[in-house]
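Q: Mind looking at a prediction? Sequence and model below.
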Amino acid sequence: MHYPISLYQPDDLEVLCGFLNRSWEYDAITPELLEEKLTGDPFWMPQAIFICRDQEQIIGFMQGVMRNIRGIRYGYIKLMAIDEGYRRQGIATALYQKLEAVFKQQKVEVIRIYDVPLNYWMPGIDPRYTPALCWAMRKGFKRFGDTANLHVDLSKNNWETKINEEKLIEEGIEVRRAYPEDKQAVLDFIQDEWALWRHEAEMAFQDSPPSIHIALMEGKVKAFSAHNANNKGTGWFGPMGTHPDLRGKGMGAILLKRCLKDMKAMGLSHSVIPWVGPIDFYAWHAGAVVDRVFWRFEKILDK
């Protein structure tokens, strides 16, 4: 049976949120977070957000966005869901065909699933969503890696860093919370090596006070860490970076713990450290444990 597909409209937000929460077994989203993933995306594409309905009932959804990263035009399936009672009827494929057509018009070279830099919900497919996994492989997506989200129990530590900060002062390094007027200096610092983190840094500066901490030497930003920069209010940590010349001095651990202390003060019980590479760093300094694993998929589009 053919079900009509239309573009997402702002009036769909509340109903769509309910649909996603019914369809996702391992995730839950609020209207505020869904809005952050939709119009809150710095490059959101209203022409690439599709809803499938059976009469008035939403039975399928797929959102696409694009990024230009180091000269490659990437398209992303950012969010998707199919009503459990309507699976295996070609709905996901019909939604994807419309999305891929938009991507081809925009000369996208590579399509990836979920792991959208700047603003994302999850960094890949949780393999427990087996139907989504199998669908991606049938559509020609190839697994090229995996990543993990870590969980930190904030109640197990007071996250105090005063003694270690005093040792850095002896080396001419000051660690403190960023002030609003530090925003441009932080953005300048991340521009060369971590340009993809610019949006998240800007989001952290939207908080009052900013949910970002910095290390300075001779008045210049040399390291930073942020939280509440993506999926606001849910305890997500990151991004974080240290200038290569100053690594190994313990600044990263201090900046991490400052953010965790913030989150504990906010009343959060845990923190999520997402899309992690150096698992051992976070396990050692924060007692972080692997909470979820994600498989990353991509598809090269024919020119």
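A: Yes, it's here. Residues are numbered from 1 along each chain as shown.

Q: Now do the helices in the chain.
A: In the chain, the helices defined using DSSP state H lie at 13-23, 31-37, 91-105, 130-138, 162-169, 183-191, 198-205, 251-265, 279-286.

Q: could I get those helices as JSON lines with mean neighbour count?
A: All C-beta spots, glycine's among them, are computed from the backbone N, C-alpha and C. Output for those, formatted as JSON lines (neighbours: other C-beta atoms under 10 Å):
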{"stretch": "helix 13-23", "mean neighbour count": "16"}
{"stretch": "helix 31-37", "mean neighbour count": "17"}
{"stretch": "helix 91-105", "mean neighbour count": "18"}
{"stretch": "helix 130-138", "mean neighbour count": "15"}
{"stretch": "helix 162-169", "mean neighbour count": "12"}
{"stretch": "helix 183-191", "mean neighbour count": "16"}
{"stretch": "helix 198-205", "mean neighbour count": "21"}
{"stretch": "helix 251-265", "mean neighbour count": "22"}
{"stretch": "helix 279-286", "mean neighbour count": "16"}
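
Q: Columns mean pLDDT and distance to Val175 on top of those helices, output as TSV?
A: Converted to TSV, those look like this (pLDDT from 0 to 100; distance: least, C-beta to C-beta, whole Å):
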stretch	mean pLDDT	distance to Val175
helix 13-23	98	39
helix 31-37	98	29
helix 91-105	98	43
helix 130-138	97	42
helix 162-169	94	5
helix 183-191	96	14
helix 198-205	96	16
helix 251-265	97	6
helix 279-286	96	15
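
Q: who's in contact with stretch 188-197?
A: Stretch 188-197 has contacts (C-beta atoms under 8 Å, 6 or more residues apart in numbering) with Ile69, Pro117, Leu118, Arg198, Ala201, Lys220, Val221, Lys222, Phe224, Pro239, Gly241, His243.

Q: So among the residues you listed, which ones count as buried?
A: Buried residues within these, counting neighbours by 16 or more other C-beta atoms under 10 Å: Pro117, Leu118, Arg198, Ala201, Val221, Lys222, Phe224, Pro239, Gly241, His243.

Q: Just list the residues touching the fifth one, thanks.
A: What it means is Val221. Taking C-beta under 8 Å, 6+ apart as the criterion, Val221 is in contact with Asp182, Ala185, Val186, Asp188, Phe189, Ile214, Ala215.

Q: His213 is in contact with the first one, correct?
A: No. Under the contact definition of C-beta atoms under 8 Å, Asp182 does not touch His213, with a separation of 10.2 Å.

Q: Among those two, which residue is more densely surrounded?
A: His213 (26 against 19; other C-beta atoms under 10 Å).

Q: ok, the closest residue to that one other than its chain neighbours to Arg112 distance?
A: With sequence-adjacent residues excluded and distances taken as C-beta to C-beta, 6 or more residues apart in numbering, His213 is closest to Arg258, at 4.4 Å. When distance is defined by C-beta to C-beta, to the nearest Å, Arg258 is 32 Å away from Arg112.

Q: Ser211 too?
A: Distance, Ser211 to Arg112, by C-beta to C-beta: 28 Å.

Q: Which one's more surrounded, the two?
A: Neighbours per residue, other C-beta under 10 Å: of Ser211 and Arg112, the larger number sits with Ser211, 23 against 20.

Q: Tell me where the stretch 201-303 of the chain has strands.
A: 212-217, 220-227, 237-242, 270-276, 289-300 (DSSP state E, counting those that start in this stretch).

Q: Quick check: which of the ones you listed is nearest to Arg143?
A: strand 289-300 (5.4 Å; C-beta to C-beta).

Q: Distance of Asp83 relative to Leu20?
A: The gap separating Asp83 from Leu20 is 10 Å, by C-beta to C-beta.

Q: Same check on Phe50?
A: From Phe50 to Leu20 the distance is 14 Å (C-beta to C-beta).
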